[in-house]
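Asks: give me a model of this one.
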Amino acid sequence: MESEEKICDKKEKKQKYLGDKGFIMFIAFLSAFIPLSTDIYLPALPKMVESFNTSEGLINLTLIFFFIFYAVGTLFWGPLSDKYGRKRVLLIGLSVYTIGSILCIFSVNVYQLIFYRILQSIGCGAATAVATAIVKDVYSGRRRVTIIALVQSMGMLSPIISPVIGAMILSVLSWRGVFVVLSIIGALALAGSIAMEETLEKRYTGSIFKSIGRLGVVAKNKSFMSLLIILSMLSVASMSFISSSSYIYVNGFGLSEKVYSYYFALNAVFYLLGPLLYIKLSKNYHSNSIITVSFIVISISGVFICTIGNLSPLFFALSLIPASLFGNIMAPARTNLLLEQLQGDIGAASSLMSCAMTFYGSIGMFMISLDFSNKIVVMGLMYLIIGIVSLIAWLIISKKPYIKQVTYHTEVAKKSAE
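Replies: Numbers count the residues shown, from 1 in each chain. Okay, here's the model as predicted:
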């Protein structure tokens, strides 16, 4: 009986220097750049308000603009990687990221910090856009979705440890120490990119403008775009938590930065478990069913956040856990289903995927930063409403004939029977 993991459509490309396990860890490292670049300095946000003698709204712009320009950056990095190769784009993008991180250390006012964070975010877009494209370059079939789940799960280690590291840094250094660490992270990723061998076999041969124009070609793919719009909406709610968590725990519940980091890490543990549970569940249940159940649980979690989230930091954390867990259980299925809709232009598709989730996330971050008297209830309503709307839209669109379904479940069953 042939193993499911070996049933794939193409031969995997080997990495001479990184090796198979090292290559997977490197992809996970690239995929984790967003949480690394945000979560590690979340505990410092209240202190940065004091340091710059400014408002929460202005400090939050270092997050909001980071995500906006990250989204814009990914729109260019992905198509450029289709033309010039994944490695070259990574080297340029990660150099920009590292330089931006170093400049953040020496910011003398909040406006400089916002500008340098924008520079940092543009470089960050290269890492995440190319990471997804690399997975499609190298893996296929059941093996691909397993790698996606492993990469996403490993990437979720970042939200667990980043706030704790950030709190530890703040105990001995100012908020500037956080950006020293991010500069080191950028340098390490740059070294990994030098060691990586190119994964793209066939490059786009048109001009640079036509390469970027491939975004329009992918955007005209009805199945891809309809799924992308629906499956990315959850970022509105999840990013509202990311951007407001320190204010809720530190200012709202009166916890220290260190205790806040523990609560944040507790929630992030379920980010990590989600993709791993998907690997197990996908052996017995179709990915479409997993997505459907996930939206239902996320909606229920929104009800809990609204009703009991204000009682204590523990109740808030516990009410949020179902949404965090099932939001990440469905993540590998979502990514693989989107990739399944396309044959080429994977870099452009990866860019649009990153851009869509970041665009929705920026909306959530902006909404939660408004002067609401009860941010927890607002966040709960986001999870509830978005969960229901996404569920209804998913149930309608997923059954349309133009949606290309994931077929490896059937293929594995047939080949195993043989």
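Asks: average pLDDT across the helix or strand containing Leu384?
Replies: For Leu384, the enclosing helix or strand under DSSP states H and E is helix 375-397. Mean pLDDT, helix 375-397: 95.
Asks: remind me which residues of this protein are low pLDDT?
Replies: Per-residue confidence for the chain (pLDDT under 70) gives these ranges: 1-13, 155-156, 159-160, 344, 407-418.
Asks: quick one: neighbours of the closest residue to Leu30 other than its chain neighbours, just the number.
Replies: Closest residue in space to Leu30, ignoring its immediate chain neighbours: Ala131 at 3.9 Å, by C-beta to C-beta, 6 or more residues apart in numbering. The C-beta positions use only the backbone N, C-alpha and C, and glycine is treated the same way. Each residue near Ala131 was counted by other C-beta atoms under 10 Å, and the total is 23.
Asks: which neighbouring elements make contact with whatever helix or strand Ala131 lives in?
Replies: Here Ala131, judged by DSSP H and E, is contained in helix 110-138. Applying 3 or more C-beta pairs under 8 Å, 6 or more residues apart in numbering; DSSP states H and E, one finds that helix 110-138 makes contact with helix 19-31, helix 33-39, helix 56-84, helix 86-105, helix 141-155, helix 176-195, helix 331-340, helix 346-368.
Asks: from the contact counts, what lies against the third one?
Replies: Just to be clear, that refers to helix 56-84. So helix 56-84, by 3+ C-beta pairs under 8 Å, 6+ apart, packs with helix 33-39, helix 45-51, helix 86-105, helix 110-138, helix 208-219, helix 235-246, helix 346-368.
Asks: burial count for Ser398?
Replies: When neighbours are counted by other C-beta under 10 Å, Ser398 registers 17.
Asks: follow-up on the earlier one: will you turn the helices and strands packed on helix 110-138 into TSV that also has distance to Leu113 and mean neighbour count?
Replies: Shown next, in TSV, are the helices and strands packed on helix 110-138 (distance: least, C-beta to C-beta, whole Å; neighbours: other C-beta atoms under 10 Å):
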stretch	distance to Leu113	mean neighbour count
helix 19-31	24	19
helix 33-39	13	26
helix 56-84	6	23
helix 86-105	6	22
helix 141-155	26	23
helix 176-195	9	19
helix 331-340	31	24
helix 346-368	17	25
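Asks: contacting residues for Ile396?
Replies: Not one residue lies near Ile396 by C-beta atoms under 8 Å, 6 or more residues apart in numbering.
Asks: if I look at it, how far off is Met353?
Replies: Note on Ile396: its distance to Met353, by C-beta to C-beta, to the nearest Å, is 21 Å.
Asks: same question, Val378
Replies: 27 Å.
Asks: the spatially closest residue to Leu277 that is not a sequence neighbour: neighbour count?
Replies: Spatial nearest neighbour of Leu277, chain neighbours left out: Ile329 (5.4 Å); criterion: C-beta to C-beta, 6+ apart. Around Ile329 there are 26 other residues, counting by other C-beta under 10 Å.
Asks: any idea how far Ile329 is from Ile298?
Replies: Separation of Ile329 from Ile298 (C-beta to C-beta): 10 Å.
Asks: what residues do these two have in common as contacts?
Replies: Between them, Ile329 and Ile298 share no contacting residue, judged by C-beta under 8 Å, 6+ apart.
Asks: what strand or helix carries Gln15?
Replies: Using DSSP H and E, no helix or strand contains Gln15.
Asks: host element of Val303?
Replies: Counting by DSSP H and E, Val303 is found in helix 287-308.
Asks: next secondary structure element downstream of that helix?
Replies: Scanning forward in sequence from helix 287-308 by DSSP H and E, the next helix or strand is helix 313-329.
Asks: and that following helix with helix 375-397, angle?
Replies: Orientation of helix 313-329 against helix 375-397 (axes from the mean of the first three to the mean of the last three C-alpha atoms, to 10 degrees) gives an angle of 20 degrees.
Asks: helices and strands around helix 313-329, which ones?
Replies: Other elements packing on helix 313-329 under the criterion 3+ C-beta pairs under 8 Å, 6+ apart are helix 235-246, helix 257-281, helix 287-308, helix 375-397.
Asks: in it, what's buried?
Replies: 313, 315-320, 322-329 (16 or more other C-beta atoms under 10 Å).
Asks: looking at it, Glu198 is touching Ser81, isn't it?
Replies: No: in this structure Glu198 lies outside contact range of Ser81 using C-beta atoms under 8 Å: 10.2 Å.
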